[in-house]
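Colleague: Build me a model from this:
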Amino acid sequence: MSSLIPPDGHLYIQGGAEHKKPILPLLSGLPPPATILSSPEACDVLASAIKQASDQVKAVIKNGAAPQDEVISWIISIGPYFIVKSFGPFNQAELNT
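Modeller: Numbering: from 1, shown residues only. Below is the predicted model of the structure:
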């Protein structure tokens with residue numbers, strides 16, 4: 001087990017996920033992704049989830065669980081639909097907000 005612990009003793013986050021519950025009835029029939037992306041409601045929820053994920057990545061960096069100069073990938077989903085979004089690297093001004 002000790003061989004799994006990095007030499008500096010810290011574990012770092014390389015990615016994560018932000019999940020939103022399905023928007024019903026829009027998602028009840030599982031329409032194609034293009035239909036979802038043409039929905040203003042779905043686009044608003046996706047934009048909100050992307051903002052939340054960005055804030056989570058910044059918090060992870062501020063807490064020392066990920067380096068500031070690397071790209072962090074996050075899975076962002078609404079019901080069964082998802083995107084993989086990359087965040088960073090962030091400059092100090094972006095981390096201060």
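Colleague: Tell me the secondary structure of Ser77, please.
Modeller: strand (DSSP: H, G, I helix; E, B strand; the rest coil).
Colleague: Not counting residues beside it along the chain, what's closest to it?
Modeller: Closest residue in space to Ser77, ignoring its immediate chain neighbours: His19 at 4.8 Å, by CB to CB, 6 or more residues apart in numbering. From N, CA and C alone the C-beta is placed, and that goes for glycine too.
Colleague: Burial check on that neighbour, number of neighbours?
Modeller: Close neighbours of His19, defined as other CB atoms under 10 Å, add up to 11.
Colleague: May I see the buried residues of the lowest-mean-pLDDT helix or strand in the chain?
Modeller: Here the helix or strand of the chain ranked lowest by mean pLDDT, DSSP states H and E is strand 15-20, holding a mean of 76. Neighbour counts over strand 15-20 (16 or more other CB atoms under 10 Å) mark 16, 18, 20 as buried.
Colleague: what does stretch 64-78 give?
Modeller: Of the residues in stretch 64-78, those buried (16+ other CB under 10 Å) are 66, 72, 74, 76-78.
Colleague: mind checking the longest helix of the chain?
Modeller: helix 40-62 (DSSP state H).
Colleague: Give the buried residues for that helix.
Modeller: 42, 45-46, 49-50, 53-54, 56-58, 60-61.
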